[in-house]
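1. here is a sequence together with a model predicted from it:
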Amino acid sequence: MARPLLPDGLWAAIEPLLQPELPKPRGGRPRVSDRAALTGILFVLRSRTPWELLPREMGCGSGMTCWRRLRDWQEAGVWARLQKVLLDRLGRRNAIDFSRAALDSASIAAKKGGAQTGPNPTDRARSGTKRHIITDAQGIPLAVRLTGANVHDSCMIEEMVDAVPAIRQCWGPPRRRPAKLHADKAYDHRRCRQALTVRHIQHRIARRDLESSQRLGRHRWVVERSLAWLAQFRRLAIRYERRADIHLALTTLAAALITRRFVAKWFC
């Protein structure tokens, strides 16, 4: 039997974050339920089906209805709050390993262009988007951001470290800073090390022309695995959305789904 796209546990985490439906004093056509619309969004995210070809037989309404709901929930900050809720659950179980973190990025093609795209230097200057992600020592996504493919990785180190939310702990105040950060040679700049030092984070960045990245791979492979997990959501393998907020919404939702795998592991 196939697993449901929207299991009860995931819906229970998302439902409190959604705004209630406003009353319609003048009547009108019934609104597609939030759960049905979210099921359609998850179907598109996992299958790469174009919005306009979303099967009506699924009972999710039209593809445009699901697209609008995704847009509205992104504007309301639902996906970022969902990720925060899941991280807090793990933090209260002391399941997030702040002893070290890993930072990396991956570029994908952006065939329709749009905001936060740029010429990809690794793809013959074709239009592309770069995904930046920071994880804990286990590969749990702590924050994701998008830039153009031509933005150098080192330019995002401060924003990525600061993007980690304050995560609740089993005791003591919330925490958002890892003790150590691992990164590859793309971050080998003095300002990167200074930015981490100011934030009281120990840096472990490979030095260009001096050392191999293989030793760092013992700890940094988890972030590469998380990037591979994001790419398994077929809608994210290539950026199809012209609007950056829509692609960021899908990316953040995918990161939350990855985080939920760790939640299920600890709360099973």
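-> Cool, got the structure. Numbering: from 1, shown residues only.
2. can you give me the strands in the protein?
-> All strands of the chain, identified by DSSP state E, fall at 101-109, 118-119, 127-136, 141-148, 180-183, 202-205.
3. ok, which of the ones you listed comes nearest residue 5?
-> strand 141-148 (20.3 Å; C-beta to C-beta). Using the backbone N, CA and C atoms, a C-beta is placed for each residue, glycine as well.
4. pLDDT weak spots in the stretch 101-250 of the chain?
-> 210-216 (pLDDT under 70).
5. let's see 80
-> The model of the stretch 101-250 of the chain has pLDDT under 80 over residues 209-218.
6. adding distance to residue 219, write the strands of the chain out as CSV.
-> As requested, those are exported to CSV (distance: least, C-beta to C-beta, whole Å):
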stretch, distance to residue 219
strand 101-109, 6
strand 118-119, 30
strand 127-136, 11
strand 141-148, 15
strand 180-183, 5
strand 202-205, 8
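7. turn those into CSV, columns for mean neighbour count and distance to residue 44.
-> Output for the strands of the chain, formatted as CSV (neighbours: other C-beta atoms under 10 Å; distance: least, C-beta to C-beta, whole Å):
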stretch, mean neighbour count, distance to residue 44
strand 101-109, 23, 17
strand 118-119, 16, 25
strand 127-136, 25, 18
strand 141-148, 22, 18
strand 180-183, 23, 33
strand 202-205, 17, 38
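8. closest one to residue 32 among the ones you listed?
-> strand 141-148 (27.8 Å).
9. quick check: angle from that closest one to strand 101-109?
-> Taking axes from the mean of the first three to the mean of the last three C-alpha atoms, to 10 degrees, one finds strand 141-148 and strand 101-109 inclined to each other by 40 degrees.
10. list the contacts of strand 141-148.
-> 83, 87, 96, 101, 116-118, 128-136, 155-156, 159-160, 163-165, 167, 226, 230, 244, 247-248, 251-252, 255, 258-259 (C-beta atoms under 8 Å, 6 or more residues apart in numbering).
11. can you check stretch 175-191 too?
-> For stretch 175-191, contacts defined as C-beta under 8 Å, 6+ apart pick out 91, 98-105, 136, 152-154, 157, 161, 164-167, 169, 192, 196, 199-208, 213, 216, 219-220, 223.
12. give me the nearest residue to residue 67, chain neighbours excluded.
-> residue 51 (5.0 Å; C-beta to C-beta, 6 or more residues apart in numbering).
13. let me redo that: residue 126
-> residue 120 (5.5 Å).
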